[in-house]
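Undergrad: model the structure of this input:
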Amino acid sequence: MKKEIIMPKLGETMEEGYLVSWRKKEGDKVEKGEVLFEVMSDKTNFEVESQYSGYLRKILFQPSDQPIPVTTVIAYITDTLDEPLEIEEKEKKASIEKLEEIEKERIKITPVAKRLAEEYKIDITKIKGSGPDGRIEKKDVLEYIEKSKVETKKDIEKTSEIEEEYEVIKWSPLRKIIAKRLTESKQNIPHYYFQGKVIVDEILKIKEIKEKEGEKYTITDFLIFLTSRVIEEFPLIGASFIYEEIRVYKNVDIGLAISVSDGLVVGSIKNANKKTIKEISEDRKNIVERAREGKLSQDDIKGTNFVISNLGMYNVENFYPIINPPGVAIMGVGKIEKGFFVENEKINIKNYMYISFSFDHRVIDGAYAANFYKKLKEVIENPSILLFKNV
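TA: As a prediction, the model looks like this:
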């Protein structure tokens, strides 16, 4: 019997995935539960196990940098090697054409613009729309037609000119996912921002004490610990926005932005509000190591609604990060600096850093976010009670 192998839907918001590799070749025997292929989605690689036992008879798609919509048939397994398998090249061609049609259906375009594009045989995926949410309008198609004429003329004239030398860097699947998700974030999420200075003298003192006791923690460890406790009081900060629903969670998971070789991924520190700083530090080290080895699991990227992105180690003073959907808030952390502060009419030198926030205004109002920041600033500047109570 012929069984279909499809591009799996590995998360609620997953619409497509990149085929990274096949672990079996055509004709190989496959056992149920055995890893069959590897997929990249949401900036993370996943090993996909076979749901069937049998033989991998036909692979319809090879690994590439082109995304494949979920539920698309990518291969077939049969019970035996000798049973008939009526699969022609036209079947694969039909699958590819289906991908192209799905891509075109995602593009918003007015009926008039669509008819005009069809009349001139223009691929609408190459047209940038100027209407609401990037919708393609008639004027966009007309501009594309005129631009095409000009470009054709330039190509003819260019044969007698010396072209400027440059190198084209091919986008990896990870870079494509990052570009797509962040573009959608900025286009669809009404961001608003604010920042503030927080004094970190007390954190640095505790950090030094713990180091003398043989326990070494980073500033990020302290921030994950403290922020998770404050989110308990302000649960909307850790919420998500999915399918027009605001989802508020019982547990507080903290997403951590991690730099990898060709981009950025976000790993999750689970139940951070219930862990000691030592447990959080161990989790952070493990998640960073797995991310840089490309071994994050699907569970490792769940619960990354509220994200902490720390660029202080790169000497960055301040920045405004883009929200990571479906989350509704993200925090940016800058480097630690020394500055003058006035207390009780006296000038003191203290260690401080900027923390900045981006919030989704559909979910979090300004006053709510400001109260969250006020509380977070208080615990960062006076962390002793929380830390020594939970270490």
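
Undergrad: domain-wise, how is the protein divided?
TA: The chain breaks down into these domains under automatic domain parsing: 2-105, 107-156, 174-390.

Undergrad: tell me where the stretch 1-150 of the chain has strands.
TA: With DSSP state E, counting those that start in this stretch as the criterion, the stretch 1-150 of the chain has strands at 2-6, 16-22, 29-30, 35-41, 44-49, 54-59, 68-69, 73-78.

Undergrad: is S358 in a bridge, and if so with what?
TA: Note on S358: beta-bridge partners Y193, I330, judged by DSSP bridges.

Undergrad: OK, contacts around it?
TA: 191-193, 320-323, 329-330, 332 (C-beta atoms under 8 Å, 6 or more residues apart in numbering). For glycine as for every other residue, the C-beta is placed from the backbone atoms N, C-alpha and C.

Undergrad: I'd like the domains of the chain as CSV, with distance to E165 appended.
TA: Putting the domains of the chain into CSV (distance: least, C-beta to C-beta, whole Å) gives the following:
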stretch, distance to E165
domain 2-105, 24
domain 107-156, 18
domain 174-390, 23
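
Undergrad: got CSV for those, with distance to V168 and mean pLDDT too?
TA: Shown next, in CSV, are those (distance: least, C-beta to C-beta, whole Å; pLDDT from 0 to 100):
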stretch, distance to V168, mean pLDDT
domain 2-105, 13, 82
domain 107-156, 17, 79
domain 174-390, 13, 91
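
Undergrad: quick one: which of those domains is nearest Y166?
TA: Proximity to Y166 (C-beta to C-beta) singles out domain 107-156 among the domains of the chain, at 16.7 Å.

Undergrad: ok now the closest one, how far from the chain's centre?
TA: 30 Å (C-alpha atoms, centre = their mean, to the nearest Å).

Undergrad: then stretch 176-186?
TA: Computed by C-alpha atoms, centre = their mean, the chain-centroid distance of stretch 176-186 equals 8 Å.

Undergrad: L386 in helix, strand or coil?
TA: Under DSSP: H, G, I helix; E, B strand; the rest coil, the three-state class of L386 is helix.

Undergrad: and the gap between it and T276?
TA: Relative to T276, L386 is positioned 11 Å away (C-beta to C-beta, to the nearest Å).

Undergrad: ok, F194 next?
TA: 31 Å.
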